[in-house]
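Asks: heads up, no residue letters with this:
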């Protein structure tokens, strides 16, 4: 299996691409703050999942990288709250992306709790 075949990666990638599209309308003054940060954190979710998967033979590394991916996912949710509060996105867009992001978080958590299903050895 390739890391690109992981459901968490696929769904995380979709979220990152949606974030990229909506962030195109953010004001210029947000280029080096909100726009850059939300794009970075949303993209980092999938990249960190890929890193974890490649190091799955090392259980502690696998777990650590997946918790990093989950943290980046939570950061993206926080930036979405700012985008909503600043009225750069609608409530509907916020709700939609937040729900998709929460699903990615559940998938990452499943990987953390079931490392053997992803080729990671037990930490025992």
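Replies: Nice, I can see it. Source: prediction; values computed, not measured. Numbering: from 1, shown residues only.
Asks: SS state for the residue minimising distance to the centre of the chain?
Replies: The structure's the chain has its C-alpha centroid closest to residue 45; by C-alpha atoms, centre = their mean the separation is 3.3 Å. Assigned state for residue 45: helix (three-state reduction, DSSP: H, G, I helix; E, B strand; the rest coil).
Asks: shaky segments in the chain?
Replies: 122-124 (pLDDT under 70).
Asks: look through it and tell me its longest helix.
Replies: helix 59-85 (DSSP state H).
Asks: check contacts around the residue nearest to the centre of the chain.
Replies: Residues near residue 45 by C-beta atoms under 8 Å, 6 or more residues apart in numbering: 12, 15, 16, 69, 72, 73, 76, 104, 108. C-beta: built from backbone N, CA, C; applies to glycine.
Asks: quickly find the element holding the first one.
Replies: Using DSSP states H and E, the element containing residue 12 is helix 7-23.
Asks: ok, back up a step: distance of the residue nearest to the centre of the chain from residue 121?
Replies: The gap separating residue 45 from residue 121 is 24 Å, by C-beta to C-beta, to the nearest Å.
Asks: same check on residue 50?
Replies: Residue 50 sits 19 Å away from residue 121, going by C-beta to C-beta.
Asks: which one of the two has more residues nearby?
Replies: Neighbour count, other C-beta atoms under 10 Å: between residue 50 and residue 121, residue 50 has more, with 18 against 12.
Asks: so what's the more buried one up against?
Replies: Going by C-beta under 8 Å, 6+ apart, residue 50 touches 3, 4, 9.
Asks: what angle sits between the helix or strand where residue 101 lies and helix 59-85?
Replies: According to DSSP H and E, residue 101 maps onto helix 91-113. Here helix 91-113 points in a direction 170 degrees away from that of helix 59-85 (axes from the mean of the first three to the mean of the last three C-alpha atoms, to 10 degrees).
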